[in-house]
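> this one's sequence-less:
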């Protein structure tokens, strides 16, 4: 059995190509905060027209932390069903405990995911040493039926997975990449450099530094903004890989303001609000997230206008 | 209906006296990480001999974040059953979403709790403004069958509930107090002063500043260290309210080193390790928490020895 | 020579008693930002009526960082001249380099100081390891003609002198204490406990936690608020050492709001503004510190009123 | 006079082109910590061979904070004298007070500087609001005989100049740019975008994100690493502006490890140590900075070796 596992691991070795752009899709709610799968289908039809590599389901922007176990799985199942053929379904599977994370990985696998995005545990921040994180992700990757993409998002977790832990974990046959949302481009470059021999794929966690990320060797991005400006985010990825530096820079600069509005400035409520302007269903967030005030909505609109997207 | 509610609120107004010392009890696990209720009973028999006001169940030290919904509730039910008569059962009921928190409050009530300790949501830190937190706790308190004690633990959550939010929430008839684990005694004093007219009970969140907390008007403490040194923690509370300043200071100073070991230095693994030395079942934590190395165990032992507890 | 030094060190061993309350006095400026020694004399006459142990000159509230070398020394010289007999003059002597700090210690000694308050270097925060700080303070203490009081003020420096460094340095014959402004009472208690055998004097760095500090073994305080409410601060110190716990707590709670206004909320401009209300000369701060807006002045006034000091 | 000033301002409007690469040169000390101008000359001869745009003198890496007023000025004077013709001398002129900063700007101008790098005041962090910083830099720029480049270095100052303050100040005729060392590429992009109409030049503050910075519109860099690997840093700048994305990325990735060693990991002592390996005089830092241990030296060497620079 060990032999078989070694064999299958060597065959499958990081065979999944995850390069490209993904929206970390929002979960649409009715006004009573229940999930509306109709609206998910509505949004998916539009997203399916955009040249995304795939979808991240149950990332931070999906408000996974507000959903029950079953809801988390069900949204992945529906998204997998609704996705255009060939699209990669990457399912957010992180839980605080190692045991729950493994169990979630299995459930997400059965729900139709192709890869799993696993945020590090973070409640006991002070205990999340490099050693503890290596042990956690190793156990998860050992038992996961699908390849693991680590998820580093210090703004939400208060933890920045140490580079030395990332480099060690990159050698695991079932850990194929990392989504880094921290935005420290020097850190990202050092991860790319240190894992160059490991067939390890690094994805930018935001459109705010997508061009910079490509230019230090990232292979794609999981960008909240792609929920709203999907075409433009994909175009930036293309330009980043072309020789048209000037066009890439211009588009990147235009995207920074709108991107800030749907990430650190206003978060999910900002993202859902701006989705409405581009023909998507945004709808309300779940409490304790609050809908935006008129002033806040106006501030976002102004940023989109400054960049000529509205 | 409004009248009735006002009436019931005026009758029940903060009638529950929560003053005194509580251990936030650890959840005992077998080596396969399953809960062992036998060991819980074993520990409870010892704790029942100590003059605690009651028990906090499913606080941070219970590793609530690693447990399923049902496990959370079941541990409360068992503890309520095992507690000596008259002891207050305060159940950790916080969840990320408002709706789940309300549901958990109801389940904890049915499980036998007398009060509910509710940590603030924290995944979307940047959105957890004063307004959002007031809305969240108000909704929870409106719907909770039991009185609410807010739980501020910035070390774990990365959020410090703003004082102005605490002061507003202190006026809610069903919010009777706060456990503050931050250790900023000036902040605690300002909360006590600003809520003086609200019949609001402030509990220290650690034995590290228990004397200081009493001396600015706190009425008790929920102290990890009380799992291990319960008698001594209760004695410090008594001394803090006596006129024997010298004895209070001496005991407080002796408790600081051991307290640090079971809180910020080593956390739950440090707490469980030291419990073993005092006749309790400690056992392993759940992963990703790691058991301590020999050097770490030795470091804790040394602190207990310096203070003559070992 | 080594023998002589050892001898003198054993004779002088921490002979200076620094227990008691000190205002870290403000430097009065004219409206053109030049120092007005007349106003210093005016303020000193009032402060000399209050039972302070002495004066801290050129602490943070003196805006030492805005003054030339000569100004720093001259203000100490004048204050020493103006102080009531028997008062301890503690002069802020910290500089970024070790060599300048030593030189400043000598100049302050000649200017009439009795003890020297030395803030740690902080520009190269990441290099200010425990070892580097021990080397720095040791060199300063070796060469200083007067006893050293370390000054820990993380809010301004971004550095928290590690407890292990403090404990090591407490053994130096010419380092007699520390002013800790961080407000982490657990940390302060652990310093008191660990230096119990070293004849080391710990002073609270703010009136916000003065009672708590006394109750874990501090021997006094250097409190911005004492510039304004000197009598009340001294009274709190007396009550903290009496058996009248209730009166101590009441006064401490009343002082917290005004104290916050003259420290973290509004800083030196807040302090100078409130001094005017109590018969002192406040005057403007030096730029880049800005005078307060009317709204800010009103906010401070309101806090003093809530506590019945206005 | 107002007319003349307006005129001269419109003529000189941001006429100084500061695009290109600068080493923020180290100040060489003898072993007694006195400045050795011989070694400065020795280093300058080598640096003059490298296609730098100019020199930053008295930046953080010059240990300006450890030098007297006269030393600060004298090192600028000597560097201006030793620099190859046509090189821009940018002199670090920031002080804590507005008045001292203005005076330093004048002295640096007389010493032969062409532009002034002005770090924001930072001791009173909490008071350094956007308004206070705008007032400070405006006053400095109003009175400075030379154009101002703002200097944002949160790692040392604990202050991140708010983007809105930068954007406002970019409109001042005598503020021509900013050096941003924070490394947040999204922030840098947002500054470039928001100041696009202001003829404002943004310089990267480190070689760790130099490529990324160019790709969002920065015009150069002030890079500690250029003290050691000057040719390579200039080559990266060239590649960043060419169409050879692959070569740019490869060089950027190789530079990240060595760069970290001479900046955040080991700081000035790391920089001075590695300078020795490349034929420069490094020498000791001033205390409290400490020379490196053998292990630390080895760690740096290893990083340079991994990138094939040693």
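Yep, it's here. Not measured: the values here are computed from a predicted model. Numbers count the residues shown, from 1 in each chain, chains lettered A, B, ... in the order given.

> look up the closest residue to the residue sitting nearest the centre point of chain A, ignoring the ones flanking it.
Nearest to the mean C-alpha position of chain A, by C-alpha atoms, centre = their mean, lies residue A:222 at 4.3 Å. Counting by C-beta to C-beta, 6 or more residues apart in numbering or on different chains, residue A:222 lies nearest to residue A:22, which is 4.6 Å off, once chain neighbours are set aside. Yep, even glycine has a C-beta here, placed from its N, CA and C like the rest.

> now swap in residue A:66 and tell me
In space, and not counting its chain neighbours, residue A:66 is closest to residue B:97: 3.8 Å by C-beta to C-beta, 6+ apart.

> what is the burial count for residue A:62?
Neighbourhood size, residue A:62 [other C-beta atoms under 10 Å in any protein chain shown]: 24.

> for it, give me the backbone phi and psi.
The phi/psi pair for residue A:62 (degrees, to the nearest 10) reads phi -80, psi 0.

> in contact with it: list those residues for me.
For residue A:62, the contact set (C-beta atoms under 8 Å, 6 or more residues apart in numbering or on different chains) comprises A:24-27, A:56, A:75, A:92.

> residues near the closest residue to chain D within the stretch 1-150 of chain A, how many?
Per C-beta to the nearest C-beta, residue A:19 is where the stretch 1-150 of chain A lies closest to chain D, at 15.2 Å. If you count neighbours by other C-beta under 10 Å, residue A:19 ends up with 15.

> quick check: it vs residue A:217, distance?
According to C-beta to C-beta, to the nearest Å, residue A:19 and residue A:217 sit 11 Å apart.

> which bits of the stretch 101-250 of chain A sit near chain B?
A:121, A:123-128, A:131-133, A:135-136, A:139, A:155-156, A:158 (C-beta under 8 Å from any C-beta of the partner chain).

> change it to 10 Å
Counting by C-beta under 10 Å from any C-beta of the partner chain, the residues of the stretch 101-250 of chain A lying close to chain B are A:101-103, A:119-129, A:131-137, A:139-140, A:153-159.

> the residues you listed in strands, which ones?
Among those, the residues falling in strands (DSSP state E) are residue A:119.

> separate out the buried members of the residues of the stretch 101-250 of chain A next to chain B.
Taking 16 or more other C-beta atoms under 10 Å in any protein chain shown as the criterion, what is buried in those is A:101-103, A:119-125, A:127-128, A:132-137, A:139-140, A:153-159.

> would you list every one of the strands in the stretch 201-310 of chain A?
With DSSP state E, counting those that start in this stretch, the ranges of strands along the stretch 201-310 of chain A come out as A:201-204, A:220-222.

> where in chain A is the helix or strand with the lowest mean pLDDT?
Scoring the helices and strands of chain A by mean pLDDT, DSSP states H and E places helix A:2-12 at the bottom, with a mean of 39.

> tell me which of the strands of the stretch 201-310 of chain A sits most buried.
Comparing these by mean neighbour count (mean count of other C-beta atoms under 10 Å in any protein chain shown), strand A:220-222 comes out on top with a mean of 29.

> that one pairs with which strands, parallel or anti?
Strand pairing for strand A:220-222, using DSSP bridges, gives strand A:20-22 (parallel), strand A:201-204 (parallel).

> average model confidence for it?
In this model, strand A:220-222 has a mean pLDDT of 98.

> cool, stretch A:226-238 as well?
Mean pLDDT, computed over stretch A:226-238, is 98.

> one more: stretch A:169-185?
For stretch A:169-185, the mean per-residue pLDDT is 97.

> now do the buried residues in that stretch.
By neighbour count on 16+ other C-beta under 10 Å, the buried set for stretch A:169-185 is A:169-170, A:172-185.

> so it, near chain D or not?
Yes. Against chain D, stretch A:169-185 shows contacts by C-beta under 10 Å from any C-beta at A:182-185.

> in helices, which of the residues of the stretch 101-250 of chain A next to chain B appear?
Those of those mapping onto helices are A:101-103, A:131-137, A:139-140, A:154-157, per DSSP state H.

> what count of nearby residues applies to residue A:116?
Around residue A:116 there are 31 residues (other C-beta under 10 Å).

> for residue D:212, see how far away the residue of the stretch 1-150 of chain A closest to chain D is.
Taking C-beta to C-beta, one finds residue A:19 at 19 Å from residue D:212.

> helices - which of the residues of stretch A:169-185 next to chain D land there?
Judged by DSSP H, helices contain the following of the residues of stretch A:169-185 next to chain D: residue A:185.

> taking the residues of stretch A:169-185 next to chain D, tell me the two that lie furthest apart.
Maximum pairwise distance among the residues of stretch A:169-185 next to chain D (C-beta to C-beta): 9.4 Å, between A:182 and A:185.

> which neighbours do these two share?
Residues touching both residue A:182 and residue A:185 (C-beta atoms under 10 Å, 6 or more residues apart in numbering or on different chains): A:209, D:184.

> thinking again about what came up before, and the residues of stretch A:169-185 next to chain D, which is closest to chain C?
residue A:184 (15.4 Å).

> and the nearest residue to the closest one once chain neighbours are set aside, what does it touch?
Spatial nearest neighbour of residue A:184, excluding adjacent residues (C-beta to C-beta, 6+ apart): residue D:183 at 6.1 Å. The contact partners of residue D:183, by C-beta under 10 Å, 6+ apart, come to A:183-187, D:154-155, D:204-206, D:208-209, D:212-213, D:263-264.

> before we move on, what about residue A:287?
Here residue A:287 is in contact with A:33, A:66, B:97-102, B:121, B:132, B:135-136, B:139-140 (C-beta under 10 Å, 6+ apart).

> need these in TSV with pLDDT, can you?
Output for the contacts of residue A:287, formatted as TSV (pLDDT from 0 to 100):
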residue	pLDDT
A:33	98
A:66	98
B:97	98
B:98	98
B:99	98
B:100	98
B:101	98
B:102	98
B:121	98
B:132	98
B:135	98
B:136	98
B:139	98
B:140	98
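
> from residue C:16, how far off is the residue nearest to the centre of chain A?
62 Å.

> can you check residue A:250 too?
Applying C-beta to C-beta, the value for residue A:250 to residue C:16 is 67 Å.

> residue A:181 too?
54 Å.

> need the helices for chain A, in chain order.
Ranges of helices in chain A, per DSSP H, are A:2-12, A:37-47, A:69-82, A:98-110, A:130-143, A:154-157, A:163-169, A:185-194, A:210-215, A:230-241, A:245-260, A:267-277, A:294-306.

> check which helices and strands the fifth one is in contact with.
Helices and strands touching helix A:130-143, by 3 or more C-beta pairs under 10 Å, 6 or more residues apart in numbering or on different chains; DSSP states H and E, are helix A:98-110, strand A:115-119, strand A:148-152, helix A:163-169, strand A:175-180.

> repeat that for the last one.
Contact partners of helix A:294-306 among helices and strands, from 3+ C-beta pairs under 10 Å, 6+ apart: helix A:245-260, helix A:267-277.

> nearest approach to residue A:237 belongs to which of those?
Residue A:237 lies closest to helix A:245-260 among the helices and strands packed on helix A:294-306, at 9.5 Å (C-beta to C-beta).

> tell me what angle that closest one forms with helix D:245-260.
60 degrees (axes from the mean of the first three to the mean of the last three C-alpha atoms, to 10 degrees).

> do helix A:245-260 and chain D meet?
Yes. Using C-beta under 10 Å from any C-beta, we find that helix A:245-260 touches chain D at A:245, A:248-250, A:252-257, A:259-260.

> from those, list just the buried residues.
With burial judged by 16+ other C-beta under 10 Å, the buried subset of those is A:245, A:248-249, A:252-257, A:259-260.
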